[in-house]
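In: from the sequence below, what's the structure:
(one chain, ligands or ions: 1)
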Amino acid sequence: MIKINENYLKLQASYLFSEIRRRTDEFQEANADKDIIKLGIGDVTRPLPKACIEAFHRAVDEMANDDTFRGYGPEQGYEFLREKIAKADFQDHGAEISADEIFVSDGAKCDTGNIQEIFSSDTRIAIPDPVYPVYLDTNVMAGRTGSFGDGRFDGITYLESTRENRFIPDLPGENVDLIYLCFPNNPTGTTITRSQLQNWVNFAKENQALILYDAAYESFIQNTELPKSIFEIDGAREVAIEFRSFSKTAGFTGTRCAYTVVPKSCMAYAGNGEAHSVHNLWFRRQSTKFNAVSYPVQRAAEAVYSEEGRAQAQALIDYYLKNAKLIRTEMEALGYECVGGENSPYIWIDGKTDSWQFFDLLLEKAGVVCTPGAGFGKCGEGYIRISAFNNYENVEKAMARIRKALSG
Ligand code: PLP
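Out: Numbering: from 1, shown residues only. Next up is the predicted model:
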């Protein structure tokens, strides 16, 4: 008899976005004439930078020609892309990362989800609350948690982000082995300072733990005092892995390209205490289960590092940040406490009421869809997340409607 992985039965239904869709559809059916503005989901709306599209086209043409056709590429990604990443995203920021420490992939979602496979099944995990759900669910699937009750899984150390700690979790009071951090944060939009990140790196070193640092929103960081990479922090090369993505940096959510940085000096341990290279394990995993990103997509990603590509990608970020500023300014003017939106596309708003009630209020009174914070974890209760990914005209319209609904 074929048996299932029963850990899947512990997973909580992917309630958040399906429930948002259900409520939105129901409202739309009852109000067919209402135009609903969606500021919920974190998907980009602007087209790819022109430089990327041109490189993409050129590479597709190469695939049509005997002399330039390419078959399977290197599992870690083409060197032309990894060299550019290493220089522009790390070395130019004082982070000592080389091209052969970079693994190009088709998404930070897959990488943040797959990475846990290379660690022992009794690894003690620390996960933020609220959180991007992939970190938690993939560990549930792998059997690293107990059962679910009162909004929490047994066996997980939750790193609470609350108003009291300004949405930067405190160091855990218990022993943990694998720590997930995400900055700029999804969903709270907060950023971490160098000294706060240094505390995490020191903690990981003292505890022979490893930090999984999700920097998918790094390109939104405008404040030059803030670290863009964990590898700008002393000692991080021994205790951290970083995830990056072209999804939000350059509009690649539908095109798919990302990368993971695993320094060669990063170690994890066998049961007998012997140190092993995490880089070697991840290389083994990727070369067994993954066959690289398509050549034209890697050429399109490479174009992000050209002079025009950089300027065009920066223009996309500036565009969304302008939306974010408007959202935050308007919500604060209405008397709501907000974080995020300055170095991040997300604004985390204390709704002063139940998350879903506030969601319903914005939908019914303003025709605007946001994301209820409770869907990201227990600490998200009472908050909503508004995303800056939309056209400026829509954001202006949405905020005018919210102003009218909430002040009227
Ligand atoms: N990490 C975080 C924190 C995200 O919010 C997202 C997407 O929303 C991802 C990773 C996924 O990125 P990708 O499109 O590269 O899979």
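In: doesn't Tyr213 lie inside a strand?
Out: Yes - counting by DSSP: H, G, I helix; E, B strand; the rest coil, Tyr213 is part of a strand.
In: now it: closest residue in space that isn't a chain neighbour?
Out: The shortest distance from Tyr213 to any non-neighbouring residue, by C-beta to C-beta, 6 or more residues apart in numbering, is to Ile230 (4.2 Å). For glycine as for every other residue, the C-beta is placed from the backbone atoms N, C-alpha and C.
In: how about the residues of the protein that lie near the ligand?
Out: 42, 107-109, 112, 132, 182, 186, 214, 216, 245, 247, 253, 258 (C-beta under 6 Å from any ligand atom).
In: need those residues in TSV (columns: secondary structure and pLDDT).
Out: Formatted as TSV, these follow (DSSP: H, G, I helix; E, B strand; the rest coil; pLDDT from 0 to 100):
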residue	secondary structure	pLDDT
Gly42	coil	87
Gly107	coil	97
Ala108	helix	98
Lys109	helix	96
Thr112	helix	98
Tyr132	coil	92
Cys182	strand	98
Asn186	coil	97
Asp214	strand	98
Ala216	coil	98
Ser245	strand	98
Ser247	helix	98
Thr253	coil	97
Ala258	strand	98
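In: these into TSV, with extra columns for neighbour count and distance to Gln198?
Out: Below are those laid out as TSV (neighbours: other C-beta atoms under 10 Å; distance: C-beta to C-beta, whole Å):
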residue	neighbour count	distance to Gln198
Gly42	19	28
Gly107	21	29
Ala108	25	24
Lys109	19	28
Thr112	24	23
Tyr132	21	23
Cys182	23	17
Asn186	25	22
Asp214	28	18
Ala216	25	22
Ser245	27	24
Ser247	22	28
Thr253	16	32
Ala258	24	26
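In: which members of these are the farthest-apart pair?
Out: Farthest pair in those (C-beta to C-beta) is Cys182 and Thr253. Separation: 17.0 Å.
In: so which elements touch whichever helix or strand Glu83 is part of?
Out: When elements are assigned from DSSP states H and E, Glu83 belongs to helix 79-85. Judged by 3 or more C-beta pairs under 8 Å, 6 or more residues apart in numbering; DSSP states H and E, the packing partners of helix 79-85 are strand 102-105, helix 295-302.
In: CA atoms only: put the longest one into CSV for me.
Out: What follows is helix 295-302, C-alpha atoms only, in CSV (Å, rounded to 0.1, in the frame of the first residue of the first chain):
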residue,chain,number,x,y,z
TYR,A,295,20.2,30.5,-21.2
PRO,A,296,18.0,33.4,-22.4
VAL,A,297,16.8,34.1,-18.9
GLN,A,298,20.3,34.2,-17.6
ARG,A,299,21.3,36.6,-20.4
ALA,A,300,18.2,38.8,-19.5
ALA,A,301,19.4,38.8,-15.8
GLU,A,302,22.9,39.6,-16.8
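In: pull the residues that contact that helix.
Out: 48, 52-53, 55-56, 58-60, 62-63, 70, 73, 77-78, 80-81, 84, 104, 246, 250, 252, 255-257, 293 (C-beta atoms under 8 Å, 6 or more residues apart in numbering).
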